[in-house]
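Engineer: Predicted structure and sequence below. I'll ask about it afterward.
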Amino acid sequence: MFFLAGIFITAFIVSAAVGPVLIHFLHKLGFGQSIRECGLENHIKKSGTPTMGGFMILLGIVVALFCWNNFTSFVIIALILTLGYAAIGFIDDYIKVVMKRNLGLTAAQKVIMQILLVGVYICYVDSEQIIWLPGLNVEISIGWAYYILVFLLMLGTTNAVNLTDGLDGLVACVSLPVTLVFAVVAYTKGHTDLSGFALTMTGSCLGFLIYNHYPAKIFMGDTGSLALGGGIAALALLTRTELLLILLGGIYVAEAASIIIQVTYFRYSHGKRIFRMSPLHHHFELGGWKEPKVVGTFTVASCVFSLLALWLWFL
């Protein structure tokens, strides 16, 4: 328990301490977020706020792992996926901020890069092709279909977390209970190493929130949101709780589903919409909710989903 408390506190301190330095550095480089004109009007004022704040989270994770020498085979693969997705996010952020191409990487380019990371996971992890069924508390073998599940889980999780990153503090707040539950799940399975990794994510997000809460002094950027998604996907795969993540990451699922529903309905209803705007958090904003209310409500909902997932785990 001393190890877990220590690695959490280290990640928090590093992430929080590097904040002012990184904000000043990004300001000096002119790495400010560009807000699309087709977005919400009250978000235009955020233009110029430094982005790529995900480096705070990454530094917190990496330094804490080094300080506590927490580098088992499972932690290494989780870190590779986290840093791999961070690299994709950094390229995307760089294209948007430095090259002034607001849409960043194309969807096809992102998918190709993510397929490579899926390949890395499959090559280096000895998978038994077994999944655990929440509630039933049984494990079943699904054969080669497991590799399809790995691809869908990694692709879906990273992109859903990325879509959730649309308001000040939203994705970091929503992710706190998710990573805490993974820390508990890993610990009860005897994977203290993975529990420590999950807590580095928790601590780093908490340190990042010091500067990212409303009104944000720095944005996470795709560098951070894709890294978080990669780390969360890795934890689900390595603890064999792939299906539990659907409930645990309920907010991520709702955000991604809102876009799928909106686009599909718009296409087949000839221009009609179900939501005022998607992803889901913008629907509530256009309904008159202030950012802190949306973030607070979504965080409470994430806590409820997390508690339900934890209940299913111990069932």
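Structural biologist: Nice, I can see it.

Engineer: how about the strands in the chain?
Structural biologist: Here the chain has its strands, by DSSP state E, at 130-133, 138-141.

Engineer: closest one to residue 148 among those?
Structural biologist: strand 130-133 (11.6 Å; C-beta to C-beta). Heads up, the C-betas are built off the backbone N, CA and C, glycines and all.

Engineer: And the closest one, how far out from the chain middle?
Structural biologist: 23 Å (C-alpha atoms, centre = their mean, to the nearest Å).

Engineer: Now do that strand: everything it contacts.
Structural biologist: Applying C-beta atoms under 8 Å, 6 or more residues apart in numbering, the contact partners of strand 130-133 are 138, 139, 140, 141, 142, 146, 149, 240, 241, 242, 243, 244.

Engineer: Restricted to buried residues, select those residues in PyMOL.
Structural biologist: Buried residues within the contacts of strand 130-133, by 16 or more other C-beta atoms under 10 Å, are selected in PyMOL with:
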select buried, resi 146+240+241+242+243+244
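
Engineer: can you list the contacts of strand 130-133 in TSV and add pLDDT and distance to residue 283?
Structural biologist: Converted to TSV, the contacts of strand 130-133 look like this (pLDDT from 0 to 100; distance: C-beta to C-beta, whole Å):
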residue	pLDDT	distance to residue 283
138	91	38
139	90	38
140	92	37
141	90	40
142	90	35
146	90	35
149	92	30
240	93	34
241	96	29
242	95	28
243	96	27
244	97	27
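
Engineer: Please identify which pair of the contacts of strand 130-133 lies farthest apart.
Structural biologist: 141 and 244, at 17.9 Å, using C-beta to C-beta across the contacts of strand 130-133.

Engineer: about what we covered before: now render the strands of the chain as JSON lines, adding distance to residue 265.
Structural biologist: Listed next are the strands of the chain as JSON lines, based on distance: least, C-beta to C-beta, whole Å:
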{"stretch": "strand 130-133", "distance to residue 265": "32"}
{"stretch": "strand 138-141", "distance to residue 265": "35"}
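
Engineer: Nearest to residue 220 among those would be which one?
Structural biologist: It's strand 130-133; of these, that one is closest to residue 220 (C-beta to C-beta) at 30.5 Å.
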